[in-house]
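Undergrad: coords please:
(chains A and B)
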Amino acid sequence: EAQVTQNPRYLITVTGKKLTVTCSQNMNHEYMSWYRQDPGLGLRQIYYSMNVEVTDKGDVPEGYKVSRKEKRNFPLILESPSPNQTSLYFCASSPDTGVNVGTEAFFGQGTRLTVV
Amino acid sequence: AQSVAQPEDQVNVAEGNPLTVKCTYSVSGNPYLFWYVQYPNRGLQFLLKYITGDNLVKGSYGFEAEFNKSQTSFHLKKPSALVSDSALYFCAVRVRNRDDKIIFGKGTRLHILP
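TA: Modelled structure (predicted):
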């Protein structure tokens, strides 16, 4: 089954304790991205990657890191989480070459992160 | 700066009536436009998209949207609303310039009243 898998689904952590949210897709998609969803603000793009070893900042990258060592994985790293990073996070992927440019994104189920 | 606006936080429609969820955008270049739907405790699901061609696009669950270049709008429509259409709807735009961001609107919560 084609899917984007995020883990964990729920996470409560303390300020300053490094954490990683994993994202994996099994569709061989080139484009992957991370979003945070906050009430009244919609989805805001944190980082995106157009292929292996290529990452770029979205609109709200501060406090986050990403890596794209393999095509299928795109982990989101919070080196020193703060309470303002409490949010619902989504990973998404889409094909991005040739006739597939413009194809819609497939989203993971989300990770609800609480930083206390 | 590129942006997407969904001017209504919430839209209420009686079941069986037509519905419209509004979206306008501001981009430099030719946009790829999308509508997604989010049900409670779920990720986003794709509804429809405009890339090129016919301005009226049809998508999942009976939804359609009309691309209007002069008004820079991409409103989502359905002729007859169902209670099961109640959800959070997001408009999104992707423009491939020097960067390749995808920008979402803030979302519109659609309530279909029985």
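Undergrad: what's the closest non-adjacent residue to B:Ser3?
TA: B:Ser26 (4.8 Å; CB to CB, 6 or more residues apart in numbering or on different chains). Placement of C-beta: from N, CA and C, glycine included.
Undergrad: Need the phi and psi values for the one you found.
TA: Backbone torsions of B:Ser26, given as degrees, to the nearest 10, read phi -140, psi 110.
Undergrad: So what touches the lengthiest strand in chain A?
TA: As assigned by DSSP state E, the longest strand anywhere in chain A is strand A:42-51. Strand A:42-51 has contacts (CB atoms under 8 Å, 6 or more residues apart in numbering or on different chains) with A:30-38, A:55-61, A:64, A:66, A:68, A:71, A:74, A:76, A:89-90, A:96, B:6, B:44, B:90, B:92, B:100-107.
Undergrad: filter the residues you listed to the buried ones?
TA: Burial by neighbour count, 16 or more other CB atoms under 10 Å in any protein chain shown: within the contacts of strand A:42-51 this picks out A:30-37, A:55-56, A:58-61, A:64, A:66, A:68, A:71, A:74, A:76, A:89-90, A:96, B:6, B:44, B:90, B:92, B:100-107.
Undergrad: In strands only, show me these.
TA: In this view, the buried ones among the contacts of strand A:42-51 that belong to strands under DSSP E are A:31-37, A:55-56, A:66, A:76, A:89-90, B:44, B:90, B:92, B:102-104.
Undergrad: Spit out the contact partners of the spatially most central residue of chain A.
TA: Centroid-nearest residue in chain A: A:Trp34, 2.6 Å away (criterion: CA atoms, centre = their mean). Contact partners of A:Trp34, counting by CB under 8 Å, 6+ apart, are A:23, A:45-48, A:58, A:64, A:66, A:74, A:76, A:89-92.
Undergrad: ok, 7 Å please
TA: When the contact criterion is CB atoms under 7 Å, 6 or more residues apart in numbering or on different chains, the partners of A:Trp34 are A:Ile46, A:Tyr47, A:Val66, A:Leu76, A:Tyr89, A:Cys91.
Undergrad: Please tell me how far it sits from chain B.
TA: Going from A:Trp34 to chain B by CB to the nearest CB, to the nearest Å gives 11 Å.
Undergrad: Test of understanding: give the bridge partners of that residue.
TA: As for beta bridges, A:Trp34 partners with A:Tyr47, A:Cys91 under DSSP bridges.
Undergrad: Same question for the one 4 residues further on.
TA: When bridges are taken as DSSP bridges, the partners of A:Asp38 come out as A:Gly42.
Undergrad: right, and it touches A:Ser87 too?
TA: Yes - between A:Asp38 and A:Ser87 there is a contact under CB atoms under 7 Å: 5.4 Å.
Undergrad: Quick one: residues contacting B:Leu19.
TA: Shown in contact with B:Leu19 (CB under 7 Å, 6+ apart): B:Val11, B:Val13, B:Lys77, B:Lys78, B:Ala81, B:Leu110.
Undergrad: what about the first one, helix or strand, and which?
TA: So the one you mean is B:Val11. strand B:10-14 (DSSP states H and E).
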